[in-house]
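> Dropping a prediction and its sequence here:
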Amino acid sequence: DSIEKGGYEHFMLKEIFEQPRSIMDSMRGRLEMNAGHLNMGGFRAYEQKFVNAQRIIVVACGTSWHAGLVAEYLLEDLARIPVEVEYASEFRYRNPVITERDIVIAISQSGETADTLAAIELAKSKGATIFGICNVVGSSIARATDAGAYTHAGPEIGVASTKAFTAQVTVLTLLAMLMGQKRGTLTDTKLRELMVELDTIPAKVEKALLLDDEIRAIAATFCDVPNFLYLGRGYNFPVALEGALKLKEISYIHAEGYPAAEMKHGPIALIDENMPVVVIATRDSSYEKVVSNIQEVKARKGRIIAVVTEGDDVIRDMAEFVIEVPYTSEALVPLVSVIPLQLLSYHIAVMRGCNVDQPRNLAKSVTVE
Ligand code: G6P
């Protein structure tokens with residue numbers, strides 16, 4: 001067991017630290033910097049379908065659904081195609097409108113999630129093309145799809161998903177870039193810029209992992225609180241959801257992720273001097289707006305933990321803690337900003353004496369509905 005954990009105390013921590021490598025593995029052979037092109041076998045086989053598609057529907061559950069939400073921002077932004085992100089369990093029972101010009105992207109680490117598999121079968125019966133993004137090779141979902149791309153993150157043992165999430169987001173980023181290129185919505189210059197930036201992500205994740213000690217200290221301050229709020233906007237909204245999910249899964253602290261601006265329609269009522277609020281406030285197009293949201297939290301004495309871009313000295317004066325992550329392009333931010341949130345939930349759970357790798361009531365793959 002301890003050999004399998006490679007010297008780490010838990011599989012989850014090992015998997016968090018594997019991310020520079022697993023992200024690289026998910027890009028291998030796909031992001032070809034020297035040749036200057038992108039390559040994805042599963043995409044090539046269905047290229048015309050992707051080019052002519054009228055809509056993309058993403059179906060998934062749990063953390064994979066959060067990766068799907070990142071894909072909504074990516075695909076709409078880079079490939080200008082409408083995207084709907086569906087909980088597989090809702091989609092399959094809703095009598096959804098599906099046509100032959102829809103592409104369904106099914107995302108699943110295990111490739112065995114019953115609801116996701118059933119959603120695929122439904123979409124197939126209506127004539128949609130199904131593209132799978134799975135981690136486990138040869139899994140049921142991988143076999144049920146028309147085409148797809150494996151995430152190549154390696155086995156994920158910790159029940160709370162970490163490296164599978166960043167691998168899914170990496171593959172979805174490549175897919176959105178390819179689609180944008182083929183649909184003519186992404187200029188060569190912009191595509192090239194994104195490729196160069198994506199190539200630097202493993203190193204930036206490596207750098208974000210150096211925050212581990214700092215984050216452990218923050219965890220010690222908050223490990224006894226009953227509630228947490230996570231806020232983000234744009235590409236960081238799904239990251240806020242994922243941060244909250246990680247915390248509740250393994251530490252059993254109640255946590256809610258919310259779009260930062262939507263806070264005023266509810267969660268703001270919960271904010272007082274006892275409420276920790278994690279705000280993801282990296283330098284991007286919604287930065288100024290997020291800063292105003294931080295001020296709204298501060299005005300109600302909420303305890304702010306802000307994930308910011310390196311060198312940010314504006315938020316430092318407003319937050320109780322700031323966590324500085326390396327700068328990257330807006331579309332790639334989730335790959336970096338999620339890292340400190342994974343570490344925060346991990347350390348809080350360890351301090352609370354929780355079974356991090358096998359949290360109560362949860363299963364690694366849910367093969368019943
Ligand atoms: C379970 C796991 C989660 C996972 C979800 C979807 O709830 O505990 O970590 O995100 O299933 O699993 P999948 O294998 O389809 O990605």
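Yep, that arrived.
> and the residue in the stretch 51-200 of the chain that the ligand sits nearest to, how many neighbours does it have?
Across the stretch 51-200 of the chain, the shortest distance to the ligand (C-beta to the nearest ligand atom) belongs to residue 62, at 2.8 Å. Using the backbone N, CA and C atoms, a C-beta is placed for each residue, glycine as well. Around residue 62 there are 23 other residues, counting by other C-beta atoms under 10 Å.
> Enumerate every residue touching it.
By C-beta atoms under 8 Å, 6 or more residues apart in numbering, residue 62 lies in contact with 113, 161, 245.
> hang on, the first one packs against residue 141?
Yes - the pair formed by residue 113 and residue 141 meets the contact definition of C-beta atoms under 8 Å, at 7.2 Å.
> Of all the helices and strands in this structure, which has the lowest average confidence?
helix 41-45 (a mean of 92; mean pLDDT, DSSP states H and E).
> helices or strands up against that helix?
strand 147-150, helix 163-183 (3 or more C-beta pairs under 8 Å, 6 or more residues apart in numbering; DSSP states H and E).
> still on that earlier bit, just the contacts of residue 62: which are in helices?
residue 245 (DSSP state H).
> picking up where we left off before, which among the helices and strands packed on helix 41-45 is found nearest to residue 202?
Residue 202 lies closest, by C-beta to C-beta, to one member of these: helix 163-183, at 9.5 Å.
> The closest one near the ligand anywhere?
No - judged by C-beta under 6 Å from any ligand atom, helix 163-183 stays clear of the ligand, getting no closer than 6.7 Å.
> one step back: which one of residue 113 and residue 141 has more residues nearby?
Each of residue 113 and residue 141 has its neighbours counted (other C-beta under 10 Å); residue 113 has more, 29 against 26.
> where exactly do the strands run in this protein?
31-32, 37-38, 55-60, 83-87, 102-108, 129-134, 147-150, 227-232, 254-259, 276-281, 303-309, 321-325 (DSSP state E).
> quick revisit: keep only those of the contacts of residue 62 that are also close to the ligand.
Counting by C-beta under 6 Å from any ligand atom, 113, 161 from these sit close to the ligand.
> Nearest to residue 348 among the contacts of residue 62?
Nearest to residue 348 among the contacts of residue 62: residue 245, at 13.6 Å, using C-beta to C-beta.
> any idea how far the residue lying farthest from the centre of the chain lies from the ligand?
Taking C-alpha atoms, centre = their mean, the residue of the chain most remote from its mean C-alpha position is residue 299, at 29.9 Å. As judged by C-beta to the nearest ligand atom, to the nearest Å, residue 299 and the ligand stand 35 Å apart.
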